[in-house]
Structures are given as structure tokens and as C-alpha cells.
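Enquirer: Quick one: sequence plus predicted model below, questions after.
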Amino acid sequence: MRRKIAAGNWKMNGTGLDLAMLADLCDRHPAPRCDILICPPAPLIHRAAQTVRNNTVAIGAQDCHAEPSGAHTGDVSAAMLADAGASAVILGHSERRQDHGETDASVRAKAQAVIANGLTAIVCVGETLAQRDAGDTLDLITSQLNGSLPDTIAGHSNVIAYEPIWAIGTGRVPAAAQIGEVHAFIRSTLGQRFGPETAAAIRLLYGGSVKAANAAEIFSVPDVDGALVGGASLSVADFSPIVSALEASA
Ligand SMILES: O=C(CO)COP(=O)(O)O
């Protein structure tokens with residue numbers, strides 16, 4: 001049975017003042033029936049991990065470099081993130097693919113580094129509106145999975161997030177059947193490459209305009225093992241009901 005995950009991606013939002021939210025979130029979910037993960041900006045990871053220590057919320061990062069160390073000004077390695085208290089790293093988010101020219105190959109190298117450091121890799125895939133309208137969604141997802149997933153994704157508690165780009169920050173959410181189609185397709189594609197056991201173990205998150213109001217419907221879709229939440233992860237008032245909806249579905 002896959003343990004579900006309510007994950008929050010704070011993106012480039014938040015300062016130390018916002019860490020109070022984490023303590024509040026821990027208090028509201030003292031014994032959650034799902035994993036809860038918050039991925040703040042890198043400068044907050046250490047303090048965030050201290051804030052939730054011995055508690056029920058895990059802390060993750062939003063990116064890392066593929067190399068362990070070296071002359072890479074401004075970059076952070078997976079080992080540094082682990083040292084700071086992160087237990088997971090989001091990789092290949094569409095905003096990084098767009099803003100920083102990340103390719104499937106670079107995402108794969110980063111995922112390899114993350115897994116080698118004992119962290120959970122959360123690899124993001126998803127189509128643009130033009131790709132969906134052209135009927136290219138499943139082909140695009142296939143090539144992103146083939147290119148972005150390292151062989152080492154098997155045998156670990158890793159995660160894939162399906163985030164249609166046209167649903168991110170737009171308030172537009174795919175129909176449940178559309179989410180279900182892509183999640184089932186990802187699961188079967190994983191099965192072909194890694195075998196049924198790995199395909200059944202990897203958790204698949206949906207991301208894109210998840211809110212308290214639509215969470216229960218999204219979580220009822222087969223093969224959806226949780227959510228990667230952007231805007232609604234920034235406040236307890238918005239995020240806690242999403243966690244509760246996931247717990248209710250678990
Ligand atoms: O990109 C996302 C999470 O990684 C989704 O963002 P929103 O929930 O703000 O649409």
C-alpha cells in the first residue's frame with residue numbers, strides 16, 4: 001500500500017517569519033495518516049527542519065545541482081540539502097525547465113544525485129496547453145519519463161509529480177478523467193521499464209491549482225497518491241484542509 005503525500009512547494013515565497021506556519025501545521029496534524037512535506041526556499045530549509053524536529057512534517061528542497069561539490073557558484077548539492085535537514089528534493093519542475101533551461105538529461109543527473117544521497121526524488125512532468133490541444137500529452141509524458149528518470153528510481157520511495165503547466169497557478173484543473181488517464185499511463189509506463197513492483201511502489205502526485213475545494217475529488221482519482229501544492233501550501237488555513245482531505249482518502 002502506497003503511503004500518500006501532501007507536499008507543499010513554496011516556490012520563491014517566504015521568509016523566516018513564515019516558519020510559524022510549520023509549527024501550526026504540525027499541531028493540527030499530530031498523527032497524520034499520510035506523509036506531509038513542505039519544500040521552502042533553500043535559505044529556510046535548515047530553520048524549517050529545526051522547527052518541525054521530532055514532528056510530523058518533513059522538509060524538502062526545490063532543486064539541487066547534480067555534482068557533490070565544486071566550482072558552481074550559487075548552486076547547492078544534494079549532500080548539502082541532506083545536511084541542512086531536507087529529506088526530499090523536487091526536480092525538473094516546469095518553472096525550472098522554463099526559467100533555467102533544465103533538460104530531461106539534467107533532471108535525470110540531479111535525480112541520480114538526490115537518490116545517491118538517500119533523499120527522495122520528486123520528478124515533475126507535464127504538458128503545455130499547446131501540447132495538450134495538439135493531442136501530444138502522452139507522447140510528451142513518455143519522453144519526459146524516459147529522459148528524466150534514472151535507473152536508480154527503482155527500489156526507493158521516490159515520487160513522480162504530474163503537473164500540467166496550464167493548470168499551475170491558473171485555477172484551471174483538468175477533469176478527473178484527464179488526471180486519471182495520465183496517472184494510469186505513468187503507472188503503466190513505469191511498469192514497462194522497471195517492472196510491476198517498482199511501478200506499484202512509486203507514488204504519483206497531481207499538481208496544479210489544488211485547493212481545499214477540489215482536493216477530495218482529485219484524491220478520489222485512481223493512481224493519485226497525493227498532491228504537490230503551490231499557492232495553497234503557503235498558509236495553514238489553505239493547506240491543512242488539503243491534508244485532511246488526503247487523510248480521509250487514505
Ligand atoms: O507548481 C505547483 C506545485 O509545484 C502548483 O502550483 P499551484 O498549486 O499554485 O497551481
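Expert: Okay, I see it.
Enquirer: Give the burial count for residue 15, as a bare number.
Expert: Applying other CB atoms under 10 Å, we find 10 residues neighbouring residue 15. (C-beta placed from N, C-alpha, C; glycine too.)
Enquirer: Excluding residues flanking it in the chain, which one is nearest it?
Expert: Among residues not flanking residue 15 along the chain, residue 44 sits closest, at 7.5 Å (CB to CB, 6 or more residues apart in numbering).
Enquirer: so that neighbour makes contact with residue 14?
Expert: Yes. With contacts counted by CB atoms under 8 Å, residue 44 reaches residue 14, the gap being 6.1 Å.
Enquirer: higher neighbour count, those two?
Expert: residue 44 (21 against 18).
Enquirer: How about the residues of this structure by the ligand?
Expert: Contact residues, the chain versus the ligand (CB under 6 Å from any ligand atom): 9, 93, 163, 168-169, 207-210, 228-232.
Enquirer: please redo it, this time with the cut-off set to 5 Å
Expert: Selection of the chain residues close to the ligand by CB under 5 Å from any ligand atom yields 9, 168-169, 207, 209, 228, 230-231.
Enquirer: For residue 205, see how far away the residue of the chain found nearest the ligand is.
Expert: Taking CB to the nearest ligand atom as the measure, the chain has residue 230 as its residue closest to the ligand, at 2.2 Å. Between residue 230 and residue 205 the distance is 12 Å, computed by CB to CB, to the nearest Å.
Enquirer: Between these two, which is the more surrounded one?
Expert: A side-by-side neighbour count of residue 230 and residue 205, using other CB under 10 Å, places residue 205 first with 24 against 21.
Enquirer: is it fair to say the more buried one lies in a strand?
Expert: Yes. Following the definition DSSP: H, G, I helix; E, B strand; the rest coil, residue 205 is counted among the residues of a strand.
Enquirer: what sits against it?
Expert: 5, 7, 122, 159-162, 224-228 (CB atoms under 8 Å, 6 or more residues apart in numbering).
Enquirer: Looking at these, which one is closest to residue 174?
Expert: residue 162 (9.3 Å; CB to CB).
Enquirer: Is it correct that residue 179 is in contact with residue 217?
Expert: No. The pair formed by residue 179 and residue 217 falls short of the contact definition of CB under 8 Å, at 9.4 Å.
Enquirer: More neighbours: these two, which one.
Expert: residue 179 (23 against 13).
Enquirer: filter the residues of the chain next to the ligand to the buried ones?
Expert: Among the residues of the chain next to the ligand, those classed as buried by 16 or more other CB atoms under 10 Å are 9, 168, 207, 209, 228, 230-231.
Enquirer: Of all pairs in those, which one spans the longest distance?
Expert: Distances among these were taken as CB to CB; the most separated pair is 9 and 209, at 12.7 Å.
Enquirer: now for the longest helix seen in the chain, which elements pack on it?
Expert: Of all segments of type helix in the chain, defined using DSSP state H, the longest is helix 176-194. Using 3 or more CB pairs under 8 Å, 6 or more residues apart in numbering; DSSP states H and E as the contact test, the elements touching helix 176-194 are helix 137-148, strand 159-162, helix 196-201, strand 203-207, helix 212-219.
Enquirer: Comparing those by mean pLDDT, which bottoms out?
Expert: Looking over the helices and strands packed on helix 176-194, mean pLDDT reaches its minimum on helix 196-201, with a mean of 94.
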